[in-house]
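Visitor: Any chance you could fold what I've pasted below:
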Amino acid sequence: MLQTHMIFVFLLIYLTNELIFDQGLCQETCQQQNPDFECKNQTPFIFIINFSSPFENIPQVFIVLDLISVDVKTDFRLEIQDITKQSFNLHVACLTGWASCLRLKWYAIDDQRFQIINFFNTIDLIQKTVPHKNKNLNTEIGLITLVSHNYEEVNFKLKIDEITSEDVTVSLIKLPENFGEQIQVGFQIILGPKEAFQEFNFIDSTTNYESIIQEKQNAWFISTFTGMGYPYTDAIRLDKQYQFQESSIYKYSLSTWYSAFTPCSHSHGFISQIINSFFYSINLQKLSIVLIQHSLSVPLISINFTQINRILDSNGEYQVTLDKAFDEVLIDIQIACPVGKMVEAKFNKCYDCSIEKTNFQNFQCSNTAKKIYFKIQYSKQPLTFAELILKQQDNLCQMNQLLYNQKFEEVEIFTLNIKDI
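Guide: Next up, the predicted model:
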């Protein structure tokens, strides 16, 4: 029988007047706090978890196991579904074995500089590469949080092999390598600005672990599992505790009770909620326009990204990426100008400036102006990719830029419109 519970959060964090970061503790997945939680025999549970207050946008959510108490050879599964501005659903089931407690912490982020990639209930992972959406993500560090597993007689560790501007590659390392039984792991990858990930340590433990932590303002202390060993005992019992020593110092510990310590890989550090990284659009530096009287047959609109030698002259929607090595963006545009038509040209000068932002001009086609040639130079934010979207139709061409800051924006760069006079 499907069981549904309501859970409320214990902490919220505001930046400006909007809810951007929120976190909570879920204890309804422990029998001690919730006698109805009997995770066995494939009984499904759904827990409805409410945020402290509604987000402006649908946030991204990740979870961290905080206490595990399961029998060996238990295949327990956790999955986040149906995220809204107000809440999300946590699905829990034990396909085999029995779990008495799966206490967890959850974290919600409404900031597009982060990206959470889900691998819930993945079977027999070896290595997998998946795309991410933001080419300007930091490629030096990302986190894995292990959220489910079937405890078979194997040791394994999840590892991020590589983060590029396009994708992230993750692999599962197992011992013994020739272990033939099915391995189920559920996990999430957390990507974001480099400045967000602070003081992370990555540890392999075979006995109880302790560390003294200096609390940070406006930051989450995060401790994730990244791998598990087989305990060769009756159960897996791992508990994370946080004991304040004085003012802003506390002791973080990972320990067991009743049973031998389960070997595991884990990490801990801080995710900052103060992010200074900001991305802005390309800025117009130079614009020269030439009206040409004599013109050979040319496409109605032709766009040439001269630095990468890419010409677009047919209808469609195109994505163009300018590498971080470029400090400027050079574009040549040719427009056929049939008699009886006019060309309406709008060029935005800068992203967020106090001067007049738009260069707006009209050109009337005639026997002395059969083609218009635009030569454009933009400055680009140093050491960043420029992700451009070009939308081309019969009589219209528009170029926008994708920006991932706290909010996602598709910023208009220019629009060219061929109209009847």
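
Visitor: part of a strand, is R237?
Guide: Yes. The assignment for R237 by DSSP: H, G, I helix; E, B strand; the rest coil puts it in a strand.

Visitor: what's the neighbour count on it?
Guide: A count of nearby residues for R237, using other Cβ atoms under 10 Å, gives 21. Yep, even glycine has a C-beta here, placed from its N, CA and C like the rest.

Visitor: Quick one: residues in contact with stretch 193-209.
Guide: With Cβ atoms under 8 Å, 6 or more residues apart in numbering as the test, stretch 193-209 has contacts from 113-114, 137-138, 140-141, 143, 157, 211, 216, 219, 226-227, 229, 253-256, 261, 263-272, 275-277.

Visitor: Return a selection command, for use in PyMOL, containing the buried ones of those.
Guide: The PyMOL command for the buried members of those (criterion: 16 or more other Cβ atoms under 10 Å) is given here:
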select buried, resi 113+114+137+138+141+143+157+216+219+226+227+229+254+256+261+263+264+265+266+267+268+269+270+271+272+275
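
Visitor: mind listing which of the contacts of stretch 193-209 are in helices?
Guide: Per DSSP state H, helices hold no members of those.

Visitor: Identify the bridge partners of I418.
Guide: Under DSSP bridges, the beta-bridge partners of I418 are V343.

Visitor: Could you do L158 as well?
Guide: Beta-bridge partners for L158, by DSSP bridges, are L172.

Visitor: What's the separation between it and K105?
Guide: In this view, L158 and K105 are 19 Å apart by Cβ to Cβ, to the nearest Å.

Visitor: Return the set of buried residues in stretch 225-243.
Guide: Under the neighbour-count criterion of 16+ other Cβ under 10 Å, stretch 225-243 has 225-231, 235-240 buried.

Visitor: Out of those residues, the closest to L312 would be?
Guide: Closest approach to L312 among the buried residues of stretch 225-243 (Cβ to Cβ): T226, at 43.7 Å.

Visitor: Skipping adjacent residues, who's closest to that closest one in space?
Guide: In space, and not counting its chain neighbours, T226 is closest to S265: 4.5 Å by Cβ to Cβ, 6 or more residues apart in numbering.

Visitor: Repeat that for D66.
Guide: Nearest non-adjacent residue to D66, counting by Cβ to Cβ, 6+ apart: R103, 4.7 Å away.

Visitor: Tell me who's in contact with the residue nearest to T226.
Guide: S265 neighbours (Cβ under 8 Å, 6+ apart): K157, L158, F202, I203, D204, S205, F225, T226, G227, M228.

Visitor: Look up the pLDDT of it for me, please.
Guide: Looking at S265, its pLDDT reads 96.

Visitor: gap between it and P299?
Guide: 57 Å.

Visitor: Isn't L416 up against E344?
Guide: Yes. In this structure, L416 is within contact of E344 by Cβ atoms under 8 Å, at 7.3 Å.

Visitor: Between those two, point out the one with more neighbours.
Guide: Taking other Cβ under 10 Å, L416 and E344 do not tie; L416 has more neighbours (22 against 14).

Visitor: Not counting sequence-adjacent ones, nearest residue to that one?
Guide: Nearest residue to L416 in three dimensions, chain neighbours excluded: C397, at 4.5 Å (Cβ to Cβ, 6+ apart).

Visitor: Now do the contacts for the one you found.
Guide: Residues in contact with C397 (Cβ under 8 Å, 6+ apart) are I301, I303, I333, L390, K391, T415, L416.

Visitor: for the third one, phi and psi?
Guide: Per-residue torsions, I333: phi -130, psi 130 (degrees, to the nearest 10).

Visitor: Kindly report the domain assignment for this structure.
Guide: Domain assignment for the chain by automatic domain parsing gives 3-272, 283-420.

Visitor: what residue ranges in the stretch 251-400 of the chain score low on pLDDT?
Guide: Along the stretch 251-400 of the chain, segments meeting pLDDT under 70 span 295-298, 354.

Visitor: and the end-to-end length of stretch 260-268?
Guide: 22 Å (Cα to Cα, to the nearest Å).

Visitor: Actually, stretch 387-407.
Guide: Using Cα to Cα, one end of stretch 387-407 lies 16 Å from the other.

Visitor: Please identify the buried residues of that stretch?
Guide: For stretch 387-407, the neighbour count (16+ other Cβ under 10 Å) marks 387-388, 390, 392, 397-404, 406 as buried.

Visitor: and it, how far out from the chain's middle?
Guide: Stretch 387-407 sits 21 Å away from the centroid of its parent chain (Cα atoms, centre = their mean, to the nearest Å).

Visitor: switch to numbering from 18
Guide: Got it, first residue is 18 now, which makes that one stretch 404-424.

Visitor: partner residues bridging A252?
Guide: D88.

Visitor: and the residue nearest to E334 when sequence neighbours are not counted, what does it touch?
Guide: Excluding its sequence neighbours, the residue lying closest to E334 (Cβ to Cβ, 6+ apart) is K408, at 5.1 Å. K408 makes contacts with E334, C414, Q415, M416, N417, as judged by Cβ under 8 Å, 6+ apart.

Visitor: Could you measure from K408 over to R94?
Guide: Counting by Cβ to Cβ, the gap from K408 to R94 is 42 Å.

Visitor: go on, F261?
Guide: To R94, F261 is 34 Å away according to Cβ to Cβ.

Visitor: If you count surrounding residues, which of the two has more?
Guide: Legend: neighbour count by other Cβ under 10 Å for F261 and R94, higher for R94 (20 against 11).

Visitor: Turn the contacts of S282 into a markdown table, columns for distance to D88 and pLDDT.
Guide: Shown next, in a markdown table, are the contacts of S282 (distance: Cβ to Cβ, whole Å; pLDDT from 0 to 100):
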| residue | distance to D88 | pLDDT |
| --- | --- | --- |
| K174 | 22 | 94 |
| L175 | 22 | 96 |
| F219 | 28 | 96 |
| I220 | 25 | 96 |
| D221 | 24 | 95 |
| S222 | 21 | 95 |
| F242 | 18 | 97 |
| T243 | 22 | 97 |
| G244 | 20 | 95 |
| M245 | 14 | 92 |
